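Peer 1: Here is my input; please provide its structure:
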Amino acid sequence: MSVYLLNKDEISFPDPMYAQPDGLLAVGGDLRVERLLLAYTHGIFPWYEPGDEILWWCPKERFVIFPGEVHVSRSMKKYMKKHTLRMVLNRDFADTMHRCRMKRELLEGTWISDEMEEAYRKLYEAGYALSVEVMEDGELAGGFYGVSIGRCFFGESMFSEKKNGSKTALIAFARLLERRQFFFIDCQFHTDHLEHMGGRYISWEEYDRMLSEGTGRGGPGVLFC
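Peer 2: As a prediction, the model looks like this:
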């Protein structure tokens, strides 16, 4: 099955049903705000090595956390009782994204390039990206950033400055999303860490139904086959 080459001058994508078994859907295009919004509202996201062409993914089995199902272990409950914790939204979006980049570069390499940082900063300024941070006893403990459209949140990357920092941020944010009746936190790909936090696979049909309702998405006419 071929991978579609996107035209930078045309903001469009192939139908997600044409994604390869590993989820790869298309190559190329750009990271302008309008293209990113079209992508996320159809379950598509960019993920590629710095310096390479942009790769667009749309896995058919989606790994998500439903806000009301976030798992809090016994050890986490003890930790949360022991410390004074405060969640902050958009403390410093650019700083949080850069911290995510630096943590990953040190450990395993990262897809968060200068190009990605600039693109998501613009998405933040347009009101569609946000950062979540947690303060532990007055000090920054950890956080993450992602894309928020309607009542759907798409997680991108996490960082911890202290033990349990990113976990605490996710738990606190999931509780906020539950109160606001969000449909899901899209984790994009499976990790053991997120599975332990309550993540699970759902079918493409279930995901796409919630995505359409949660984002207020129009029909698929913006895509091409």
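Peer 1: can you confirm Met87 is in a strand?
Peer 2: Yes. Under the criterion used here (DSSP: H, G, I helix; E, B strand; the rest coil), Met87 sits inside a strand.
Peer 1: Can you tell me the closest non-neighbouring residue to it?
Peer 2: Spatial nearest neighbour of Met87, chain neighbours left out: Ala172 (4.0 Å); criterion: C-beta to C-beta, 6 or more residues apart in numbering. To be clear about C-beta, it is placed using only N, CA and C from the backbone, and glycine gets the same treatment.
Peer 1: give the contact list for that neighbour.
Peer 2: 85, 87, 132, 134 (C-beta atoms under 8 Å, 6 or more residues apart in numbering).
Peer 1: Buried residues of stretch 205-221, list them for me.
Peer 2: Under the neighbour-count criterion of 16 or more other C-beta atoms under 10 Å, stretch 205-221 has 207-208, 210-212, 214-215, 217 buried.
Peer 1: now do stretch 177-193
Peer 2: Buried, per 16+ other C-beta under 10 Å, within stretch 177-193: 177, 182-188.
Peer 1: And for stretch 150-166?
Peer 2: 151-161, 164-166.
Peer 1: Could you export the residues you listed as a markdown table, including secondary structure?
Peer 2: Formatted as a markdown table, those follow (three-state DSSP):
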| residue | secondary structure |
| --- | --- |
| Arg151 | coil |
| Cys152 | strand |
| Phe153 | strand |
| Phe154 | strand |
| Gly155 | strand |
| Glu156 | strand |
| Ser157 | strand |
| Met158 | strand |
| Phe159 | strand |
| Ser160 | strand |
| Glu161 | coil |
| Asn164 | coil |
| Gly165 | helix |
| Ser166 | helix |
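Peer 1: tell me the two of those residues that are most distant?
Peer 2: Arg151 and Glu161 (29.7 Å; C-beta to C-beta).
Peer 1: before we move on, back to that, kindly reformat the buried residues of stretch 150-166 as JSON lines containing pLDDT.
Peer 2: Below are these laid out as JSON lines (pLDDT from 0 to 100):
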{"residue": "Arg151", "pLDDT": "96"}
{"residue": "Cys152", "pLDDT": "97"}
{"residue": "Phe153", "pLDDT": "97"}
{"residue": "Phe154", "pLDDT": "97"}
{"residue": "Gly155", "pLDDT": "97"}
{"residue": "Glu156", "pLDDT": "96"}
{"residue": "Ser157", "pLDDT": "95"}
{"residue": "Met158", "pLDDT": "94"}
{"residue": "Phe159", "pLDDT": "94"}
{"residue": "Ser160", "pLDDT": "95"}
{"residue": "Glu161", "pLDDT": "95"}
{"residue": "Asn164", "pLDDT": "93"}
{"residue": "Gly165", "pLDDT": "94"}
{"residue": "Ser166", "pLDDT": "94"}
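Peer 1: Let me know the closest of those to Glu10.
Peer 2: The closest of those, once distances to Glu10 are taken by C-beta to C-beta, is Phe154, at 23.2 Å.
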